[in-house]
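J.: following is a predicted model, sequence given first.
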Amino acid sequence: MSTTTELAQAALATLSLRPVEEQDKKQEEPYRYAHLLPHFSQDHYPPLTPFDHVDPGQRALSHANPRSFLDSASVVELTPNLGSEVRGVNLAELNADARDQLALEVARRGLVVFKDQQDFIDRGPEFYKTWGSYFGRLHIHPTSGHPEGYPEFHLVYRDANSTFNFEIDDSITTTVWHSDVSYELQPPGLTTFFLLSQPTTGGDTLFTSQVSTLKKLSPQFVAFLRTLKAVHSGVEQADFSRTGRRGGIVRREPVENVHPVVRRHPVTGEEALYVNRQFTRRIVGLKREESGSFLYPKSAPRSQLKTVSENILKFLYDHIDKSADNQARVKWQPNTVVLWDNRITAHSAIVDYKNSGERRHGARITPQAERPIGSEGLDLTS
Ligand SMILES: [Fe+2]
């Protein structure tokens, strides 16, 4: 009969062997999504051209029951004003009518998390293209890695040996709130994102409602913000790649565009704050004294002023950062597919899993939408 000590030793031996065996097994198996690993083609693309966007959610507005695609689903609201979690819907099988409803639902909830979507994920890139094209012209990212032959998909990727993400090393946090590629003239609307591989723990994504962010402000301040427009820039993102990081490729020259600081959703009519720390650079038209800053002498050249709008943007960024009451957090269980409306939300990756060396591999399908709509009379020509 074994002693207690012998039993404990045997149990320990089993425990210590198991991870090694599993690791060996993992290394032997070919990676299931190897065909979707980041590829950095040397292609160069011309500037994007304007196009007319028709939002599928608009069609669902006249539907007798615009949520009928959820009739047999289980829906849990993640927070009162942002995010739903859905089980019991196979996204890959939705017909056109249901996709219209989906676009409206995401516009209303900002973020919808669909569980158990292996069918969707495993249908592959030709299907992803058809899926995304239904919602708008697919954006081709100027600097990201993409699956070979499929520049329409933006990939995020990190493993023990490499990262192809936009990650700043000398910061106290990896939190960078942003709306994707807001520097484009027609930034993305309904966006689909899923992970092909995820760490055991960590790598969650934060979301915030820019509708709620705006609503927290006083009516007087919102009225002022409606009169403002801001420059969004892709230059820094391109420069990051030009330094050799993130694949080191810039396939389309970076652009800057002017957008309203408060934009209106074309389908729901809801207003949302539309500035973000990653891409918004300055508010157009304010004078230096209006910054309220005494750090810069009046005689200082404009280049030393950074921007006169710094105080307002800093206040808005701080408001976005610290308003947990507007935020939701998505944990990436296997086969989760998330959709968000990039026009009315912001999000941030959380890179807290570096030390695990585990792979995080995600794909984004990014249809562009309309040029942001500001308040009536706001001139966006400059
Ligand atoms: Fe993003």
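T.: That came in fine, so what should we check first?
J.: how many neighbours does Ile350 have?
T.: 14 (other Cβ atoms under 10 Å). All C-beta atoms are positioned from the backbone trio N, CA, C, and that covers glycine.
J.: now it, nearest residue through space, not along the chain?
T.: Leaving aside its chain neighbours, Ile350 sits nearest to Asp204 (5.2 Å; criterion: Cβ to Cβ, 6 or more residues apart in numbering).
J.: show me what contacts the one you found?
T.: Arg329, Val330, Lys331, Trp332, Ile350, Asp352 (Cβ atoms under 8 Å, 6 or more residues apart in numbering).
J.: ok, now with 7 Å
T.: By Cβ atoms under 7 Å, 6 or more residues apart in numbering, the residues touching Asp204 are Arg329, Val330, Lys331, Trp332, Ile350.
J.: how about those residues in CSV, adding pLDDT?
T.: Output for the contacts of Asp204, formatted as CSV (pLDDT from 0 to 100):
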residue, pLDDT
Arg329, 98
Val330, 98
Lys331, 97
Trp332, 97
Ile350, 95
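J.: for Glu85, state which of the residues you listed is nearest.
T.: Val330 (8.8 Å; Cβ to Cβ).
J.: skipping adjacent residues, who's closest to that closest one in space?
T.: Thr205 is the one closest to Val330 (Cβ to Cβ, 6+ apart), at 4.8 Å.
J.: ok, the one you found touching His347?
T.: Yes: if you go by Cβ atoms under 7 Å, Thr205 and His347 touch, sitting 5.8 Å apart.
J.: what about His319, how many residues nearby?
T.: 15.
J.: ok, back up a step: and the residue nearest to Val330, how close does it get to Gln101?
T.: 24 Å (Cβ to Cβ, to the nearest Å).
J.: which other helices and strands does the lengthiest strand in the chain contact?
T.: The residue-count maximum for a strand in the chain (DSSP state E) belongs to strand 190-197. Applying 3 or more Cβ pairs under 7 Å, 6 or more residues apart in numbering; DSSP states H and E, one finds that strand 190-197 contacts helix 125-135, strand 337-341, strand 360-365.
J.: mean neighbour count, the ones you listed: which tops it?
T.: strand 337-341 (a mean of 26; mean count of other Cβ atoms under 10 Å).
J.: next, the angle strand 190-197 makes with that strand.
T.: 150 degrees (axes from the mean of the first three to the mean of the last three Cα atoms, to 10 degrees).
J.: state the mean pLDDT of strand 337-341.
T.: Strand 337-341 carries an average pLDDT of 98.
J.: now the nearest residue to Val250 once chain neighbours are set aside: how far from Tyr128?
T.: Distances taken as Cβ to Cβ, 6+ apart put Ala238 closest to Val250, at 4.7 Å, once the chain neighbours are dropped. In this view, Ala238 and Tyr128 are 25 Å apart by Cβ to Cβ.
J.: pLDDT wise, what is the residue nearest to Ile350 at?
T.: Reported pLDDT for Asp204: 98.
J.: what does Gln9 give?
T.: Looking at Gln9, the pLDDT reads 46.
J.: same thing with Tyr353?
T.: 94.
J.: Arg359 too?
T.: Looking at Arg359, the pLDDT reads 96.
J.: now do the contacts for it.
T.: Contacts of Arg359 (Cβ under 7 Å, 6+ apart): Asp159, Ser197.
J.: got it, and Asn81?
T.: Ser209, Ser212.
J.: which SS class is it?
T.: coil (DSSP: H, G, I helix; E, B strand; the rest coil).
J.: how about the nearest residue to Lys129 once chain neighbours are set aside, phi and psi?
T.: In this structure, Lys129 finds its nearest non-sequential neighbour in Glu152, 5.9 Å apart by Cβ to Cβ, 6+ apart. Phi and psi for Glu152, reported as degrees, to the nearest 10, are phi -70, psi -10.
J.: repeat for Ser209
T.: phi -90, psi 120.
J.: once you drop chain neighbours, what's closest to it?
T.: Closest to Ser209 by Cβ to Cβ, 6+ apart is Leu82, at 4.0 Å.
J.: residues contacting the one you found?
T.: Applying Cβ under 7 Å, 6+ apart, the residues contacting Leu82 are Arg109, Gly110, Leu111, Phe207, Ser209, Ser212, Asn326, Ala328.
J.: from these, which land in helices?
T.: Within the contacts of Leu82, residues falling in helices by DSSP state H are Arg109, Ser212.
J.: between the contacts of Leu82, which has the most around it?
T.: Highest count within those by other Cβ under 10 Å belongs to Gly110, 30 neighbours.
J.: hmm, Ser209 and that residue touching each other?
T.: Yes: counting by Cβ under 7 Å, Gly110 touches Ser209, with 5.0 Å between them.
J.: going by secondary structure, Arg59 is in what exactly?
T.: When elements are defined using DSSP states H and E, Arg59 is found to belong to helix 56-60.
J.: could you tell me how far that helix lies from the centre of the chain?
T.: Here the centre of helix 56-60 is set off from its chain's centre by 22 Å, with Cα atoms, centre = their mean, to the nearest Å.
J.: once you drop chain neighbours, what's closest to Thr192?
T.: Nearest to Thr192 is Ile365, by Cβ to Cβ, 6+ apart, at 4.2 Å.
J.: listing partners with orientation, what would you give for the helix or strand hosting Ala230?
T.: Per DSSP H and E: Ala230 is located in strand 229-233. Strand pairing for strand 229-233, using DSSP bridges, gives strand 256-260 (antiparallel), strand 280-283 (antiparallel).
J.: can you redo those strands as JSON lines with mean pLDDT, mean neighbour count and distance to His178?
T.: Listed next are the strands paired with strand 229-233 as JSON lines, based on pLDDT from 0 to 100; neighbours: other Cβ atoms under 10 Å; distance: least, Cβ to Cβ, whole Å:
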{"stretch": "strand 256-260", "mean pLDDT": "97", "mean neighbour count": "20", "distance to His178": "13"}
{"stretch": "strand 280-283", "mean pLDDT": "89", "mean neighbour count": "21", "distance to His178": "9"}
